[in-house]
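> Mind folding the following:
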Amino acid sequence: MIDFVAARRMMVDGQVRTADVTDPRLISAMLELPREQFFPEEKASLAYLDIDVPVSSGQPVRRLLKPMVLAKLIQAAEIAETSHVLDVGCATGYATALLAQLAASVVGLEEDASLARQAAATVSGAKAKNAKIVTGPLAAGWAAEAPYDVILLEGATEVVPAALMKQLKVGGRLACILGHGPGKATIYERTETDISGRAIFDAAASVLPGFVKPPEFVF
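Just a heads-up that it's a prediction; the model follows:
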């Protein structure tokens, strides 16, 4: 029998704190939230490993970001207690429930109907009353509740997510992993007149549906 409480603390101490994640609210939330509850029962034992664990059997296979990468992205997004957040590609809802402990309101967006149902159940079970799960194409975002202070992509994108940028408030930030294979965790910020981006650390993740670069036409 796995001691999940001990495993959770080892995850935070061995993977998250050592990656220069120092936000006390985020550390506390990760220590409190039972990550294993967001995995299929047969994969719960993998919940605290330093890997992107698959949570679906369909194509493309969907995975939860490894704890260290997720924590660093969230910290870099500078989420305030007043923030309105969109979590794109929420899968089974772990990051949505985590964000709900940091922000005023969170919308978890998922296009896989089965994953969306799981996310709705797990987020409800985590008593994240300020979070909701919606279903729709990931690349389209969720304009119905825009604009957002922060948008988080739970996976990689091979293209700059221009449609999502339009759903940011002025001063809002979008956190993603740009590039497939060896990529860069990147923060984009919307200003009055422009969008600026900066790479913050090396990272890799599976590309989310709708964020694949179109094939180039070759004569």
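> so what's the residue most central in space within the chain closest to, chain neighbours aside?
Compute the mean C-alpha point of the chain, and by CA atoms, centre = their mean the closest residue is E154, 3.4 Å away. Closest residue in space to E154, ignoring its immediate chain neighbours: G89 at 4.2 Å, by CB to CB, 6 or more residues apart in numbering. Every residue, glycine included, has its C-beta placed from N, CA and C.
> Off-centre distance for the longest helix seen in the chain?
When the chain is parsed with DSSP state H, its longest helix is helix 113-125. The chain centre lies 15 Å from the centre of helix 113-125; the measure is CA atoms, centre = their mean, to the nearest Å.
> The following helix or strand past it - contacts with which helices or strands?
Next in sequence after helix 113-125, counting helices and strands by DSSP states H and E, comes strand 131-135. Counting contacts by 3 or more CB pairs under 8 Å, 6 or more residues apart in numbering; DSSP states H and E, strand 131-135 packs against helix 94-100, strand 105-110, helix 113-125.
> switch the cut-off to 6 Å
When contacts are defined as 3 or more CB pairs under 6 Å, 6 or more residues apart in numbering; DSSP states H and E, strand 131-135 sits against strand 105-110, helix 113-125.
> Distance from the first one to the middle of the chain?
It refers to strand 105-110. For strand 105-110, the distance to the chain centre is 10 Å (CA atoms, centre = their mean).
> Pairing partners for that strand, with directions?
If you go by DSSP bridges, strand 105-110 pairs up with strand 84-88 (parallel), strand 131-135 (parallel).
> So which of these is nearest L178?
With CB to CB as the measure, strand 84-88 is the member of those nearest L178 (13.8 Å).
> Give me the contacts around that closest one.
For strand 84-88, contacts defined as CB atoms under 6 Å, 6 or more residues apart in numbering pick out 95-96, 99, 103, 105-109, 138, 142, 148-153.
> Stretch 25-40 now?
Contacts for stretch 25-40 (CB under 6 Å, 6+ apart): 4, 12, 44, 47, 74-75, 92-94, 97-98, 101-102, 122.
> circling back to that earlier point, would you turn the helices and strands packed on strand 131-135 into CSV with mean pLDDT?
Converted to CSV, the helices and strands packed on strand 131-135 look like this (pLDDT from 0 to 100):
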stretch, mean pLDDT
strand 105-110, 98
helix 113-125, 96
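> Single out the most deeply packed of those.
Neighbour counts (mean count of other CB atoms under 10 Å) averaged over each of the helices and strands packed on strand 131-135 peak at strand 105-110, with a mean of 26.
> Surely the residue nearest to the centre of the chain touches T92?
No. The criterion here is CB atoms under 6 Å, and E154 misses it with T92 at 10.3 Å.
> The residue lying closest to E110 once chain neighbours are set aside and A100, how far apart?
Sequence neighbours aside, A116 is the residue nearest to E110 in space, at 4.1 Å (criterion: CB to CB, 6+ apart). To A100, A116 is 16 Å away according to CB to CB, to the nearest Å.
> one step back: confirm the residue nearest to the centre of the chain sits in a helix?
No. Per DSSP: H, G, I helix; E, B strand; the rest coil, E154 lies outside any helix segment and is strand.
> pLDDT score for it?
According to the prediction, E154 has pLDDT 97.
> Roughly how far does it sit from P24?
23 Å.
> likewise M11?
17 Å.
> Mind checking which of these two has more residues around it?
M11 (23 against 7; other CB atoms under 10 Å).
> Could you list the buried residues of the strand or helix carrying the more buried one?
In this structure, M11 sits in helix 4-11 according to DSSP H and E. Across helix 4-11, burial judged by 16 or more other CB atoms under 10 Å covers 4, 7-8, 11.
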